[in-house]
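**Q** need a structure here:
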Amino acid sequence: MNLKKTVIIACASTAMICSAIALSMWLTKEREMEMKVSNPKQDGLSQEQTKVFGEGENTPLYYDDEEILLLPVRNVAQGLGGTVSWEKESNDVTIGYKGKTLVIEAGTTEAEMHGYNITMTEEPQMINGCLYIEASIISDFFSTDVLWDSARRQISLKSKGNSMPIVASDVYIGKNDTKEYNLEIPVIMGLNDTNFEKGLNKEIRVEIQALADEFMSQEGEGVFQLQFEKGFINSDFVSICWKGTREDQPFFQTLNIDLREQRRITISDVLTEEGMKELKEQGDLTENSLFYITSRNELAIFDASKEGAITVLFPADGALLGKQWKPKYQALFPGII
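**A** Next up is the predicted model:
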């Protein structure tokens, strides 16, 4: 990243010095209308509690042209009840929180979260003696929503609850003389059953690696790129969609996991027979059609009959979703009925 780009928040040069002793950033707690703070004196961020970080030392940095928000590691982590330590020999910085760890290092996108290797979008950076990290990593690790208020030039970190799974990312990269691939891999953490969690992540990696191997084994030239998008995620369900191109052709893949039953599901698992009938009338859709639930609770289905296998969206408040979900999934997706 070019640090000469415009920074929305103005900082005095002396305001960027890290404090290893106490939280030096201005910090307040507020109660939102829809929230209840069960124990304001409790250290860290409890469920349904918000902390607001604004002006002061080690201010968050927002790059408007790239829409990138960087947060000062020590102040934010300690403000949320975590710990921060630095290993001199390896130069690793370890963030601890409720028995879990995030290990990062300035200048590299490679990191380790909860014992899994992950790849960050942006490298952690030392800025005027303070280590900064992309906001999405803090959001994942502490299970918080990071809310940026451009008018007040401050961030609010709102807890999503400790029961929410974390979906971070890693990447497979490879090339030969004629082909190359860059495939993003979801890393799912924080599940109640650690054995199922480890098995699921291994299974996903094997499948993505198989896609890469198949692509590289074929003759010809080309590039295979794949990025995933987080869909609906709660303590009972994870929905993910990959979108990309393989040799200039659109490529899609989806993953829908019922965490209660610990199994992958198809579209026919969630919709009634009448719902499936209505879907088939919309186009070339079958029980095996790729689908996922978006973060807005929409049902997204890839219609192979249309050019580029475009996505057909059924809004959360539409008739289909309101009437044709099987009972157990009506209760699973709040707001969808």
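
**Q** would you map the strands across the stretch 201-337 of the chain?
**A** Per DSSP state E, counting those that start in this stretch, the stretch 201-337 of the chain carries strands over the ranges 222-234, 237-246, 249-258, 263-264, 291-293, 299-302, 311-314.

**Q** export the ones you listed to a markdown table and append columns for mean neighbour count.
**A** (C-beta placed from N, C-alpha, C; glycine too.) Putting the strands of the stretch 201-337 of the chain into a markdown table (neighbours: other CB atoms under 10 Å) gives the following:
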| stretch | mean neighbour count |
| --- | --- |
| strand 222-234 | 18 |
| strand 237-246 | 20 |
| strand 249-258 | 18 |
| strand 263-264 | 12 |
| strand 291-293 | 26 |
| strand 299-302 | 22 |
| strand 311-314 | 17 |
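
**Q** mind putting those into TSV with distance to Tyr181?
**A** What follows is the strands of the stretch 201-337 of the chain, written out as TSV (distance: least, CB to CB, whole Å):
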stretch	distance to Tyr181
strand 222-234	4
strand 237-246	9
strand 249-258	11
strand 263-264	24
strand 291-293	22
strand 299-302	21
strand 311-314	23
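
**Q** figure out which of those strands is closest to Leu69.
**A** Ranking the strands of the stretch 201-337 of the chain by proximity to Leu69 (CB to CB) places strand 222-234 first, at 17.2 Å.

**Q** that closest one: partners in the sheet, and parallel or antiparallel?
**A** Under the criterion DSSP bridges, strand 222-234 sits next to strand 179-189 (parallel), strand 237-246 (antiparallel) in its sheet.

**Q** now render those strands as TSV, adding mean pLDDT and distance to Asp269.
**A** Below are the strands paired with strand 222-234 laid out as TSV (pLDDT from 0 to 100; distance: least, CB to CB, whole Å):
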stretch	mean pLDDT	distance to Asp269
strand 179-189	97	19
strand 237-246	94	11
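
**Q** TSV for these, including distance to Val206?
**A** Formatted as TSV, the strands paired with strand 222-234 follow (distance: least, CB to CB, whole Å):
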stretch	distance to Val206
strand 179-189	10
strand 237-246	15
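
**Q** those strands: which one's closest to Glu87?
**A** strand 179-189 (22.3 Å).

**Q** how distant is the closest one from the center of its chain?
**A** Strand 179-189 has its C-alpha centroid displaced from the chain centroid by 14 Å (CA atoms, centre = their mean, to the nearest Å).

**Q** kindly report the same for stretch 254-267.
**A** Remark: stretch 254-267 is offset 18 Å from the chain centroid, using CA atoms, centre = their mean.

**Q** any idea of the mean pLDDT in it?
**A** The predicted model gives stretch 254-267 an average pLDDT of 94.

**Q** that stretch spans what distance, first to last residue?
**A** 11 Å (CA to CA, to the nearest Å).

**Q** whichever helix in the chain runs longest vs strand 179-189, what angle?
**A** Using DSSP state H, we find that the single longest helix of the chain is helix 194-217. Here helix 194-217 runs at 170 degrees with respect to strand 179-189, directions being taken by axes from the mean of the first three to the mean of the last three CA atoms, to 10 degrees.

**Q** show me which residues of helix 194-217 are buried.
**A** For helix 194-217, burial by neighbour count (16 or more other CB atoms under 10 Å) applies to Glu197, Leu200, Asn201, Ile204, Ile208, Leu211, Ala212, Phe215, Met216.

**Q** could you find the closest non-adjacent residue to the second one?
**A** I take that to be Leu200. Distance criterion CB to CB, 6 or more residues apart in numbering; nearest residue to Leu200, sequence neighbours excluded, is Ile188 at 6.1 Å.

**Q** tell me the bridge partners for that neighbour.
**A** Beta-bridge partners recorded for Ile188 (DSSP bridges): Val167.

**Q** list the contacts of it.
**A** Residues in contact with Ile188, defined by CB atoms under 8 Å, 6 or more residues apart in numbering, are Pro165, Ile166, Val167, Glu197, Leu200, Asn201, Ile204, Val238, Ile257.

**Q** give me the distance between the second one and Trp325.
**A** By that I understand Ile166. The gap separating Ile166 from Trp325 is 26 Å, by CB to CB, to the nearest Å.

**Q** look up how far Thr121 lies from Asp236.
**A** Distance, Asp236 to Thr121, by CB to CB: 28 Å.

**Q** these two: which is more packed in?
**A** The residue with more neighbours, out of Asp236 and Thr121, is Asp236; 17 against 10, by other CB atoms under 10 Å.

**Q** contacts only, for Gly220.
**A** Thr178, Lys179, Glu247.

**Q** want to throw those into a markdown table with distance to Lys230?
**A** Converted to a markdown table, the contacts of Gly220 look like this (distance: CB to CB, whole Å):
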| residue | distance to Lys230 |
| --- | --- |
| Thr178 | 33 |
| Lys179 | 28 |
| Glu247 | 26 |
